[in-house]
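# Need the 3D shape of this:
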Amino acid sequence: MITHKEFSDEKELLEACVRQDRQAQRLLYEIYSPKMFAVCMRYAGERERARDILQDGFITVFEKIGSFSGNGSFEGWLRRVFVNTALMSLRKGDVLRFSEEICDTAKEFTASSDVLEGIGSRELMRLVSSMPSGFRTVFNMYVLEGFSHNEIALKLGISEGSSRSQLSRARQWLQEKLTNKNY
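Residues are numbered from 1 along each chain as shown. You can find the predicted model right below:
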């Protein structure tokens, strides 16, 4: 819902952003930055890096907003921009340079509902954001964004086996933290 006198709906706001109307861009930022910051935090794991990703993401949004076709939700398109921006930032930092394939990945994630009881979504997201970078990236992409291992491998420049291995290790790490209440 747009709550500004000059823009009656999202379509008008987006059209104004395409025209590079600074007031419209500011309003768009104010509306979507909290949600997009949460996406950035999931990938970055730390506030300063997430702020940098948020800023880079909005620069990309304002440069490419004209390419939004209107098919599907704008928020979905925006989310993809921020996920891609976060992934580019992580690739620049070579986040998975120490990842390795584990051929025999034992101990698949089997957290019972008992383990998950008593932990709220904020605590769970804080726990995910404290994961080692490679684990967190693949976990976010696979579990929260719905990418396949093939897509993750292509986007991060790693093998599918490395993606599977990082996910398995992320799940093990998460299960250990939840089981031992070490968060």
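# now this structure, which segments are flagged as low pLDDT?
1-5, 93-119, 182-183 (pLDDT under 70).
# Tell me where it has helices.
Under the criterion DSSP state H, the chain contains helices at 10-18, 22-44, 47-64, 74-92, 113-116, 121-129, 133-139, 149-156, 160-179.
# How far away from the center of its chain is the longest one?
Yep, that's helix 22-44 we're talking about. 13 Å (C-alpha atoms, centre = their mean, to the nearest Å).
# Equivalent analysis for the fourth one, please.
Using C-alpha atoms, centre = their mean, the mean C-alpha position of helix 74-92 is found 7 Å from that of the whole chain.
# quick one on the thing from earlier: just name the most buried of the helices of the chain.
helix 133-139 (a mean of 24; mean count of other C-beta atoms under 10 Å). C-beta coordinates here come from the backbone N, C-alpha and C atoms, glycine included.
# Spatially, what comes nearest to the residue nearest the centre of the chain if we skip its sequence neighbours?
Centroid check for the chain by C-alpha atoms, centre = their mean gives Val39 as the closest residue, at 4.0 Å. Excluding its sequence neighbours, the residue lying closest to Val39 (C-beta to C-beta, 6 or more residues apart in numbering) is Phe82, at 4.8 Å.
# quick one: the one you found and Ser121, what's the gap?
19 Å (C-beta to C-beta, to the nearest Å).
# how does the chain divide into domains?
Following automatic domain parsing, the chain resolves into domains at 10-92, 113-179.
# quick one: the residue nearest to the centre of the chain and Val83 touch, right?
Yes - proximity of Val39 to Val83 meets the contact threshold set by C-beta atoms under 8 Å, at 6.5 Å.
# re earlier: pull the contacting residues for the residue nearest to Val39.
Met36, Val39, Cys40, Ile53, Leu54, Gly57 (C-beta atoms under 8 Å, 6 or more residues apart in numbering).
# same thing but at 10 Å, please
32, 35-40, 42-43, 53-54, 56-58, 60-61 (C-beta atoms under 10 Å, 6 or more residues apart in numbering).
# Now flag whichever of those is closest to His149.
Set against His149, the nearest of these by C-beta to C-beta is Tyr43 (17.6 Å).
# residue contacts, the nearest residue to the closest one once chain neighbours are set aside?
In space, and not counting its chain neighbours, Tyr43 is closest to Ala86: 3.7 Å by C-beta to C-beta, 6+ apart. Shown in contact with Ala86 (C-beta under 10 Å, 6+ apart): 36, 39-44, 49-50, 53-54, 56-57, 137, 140-141.
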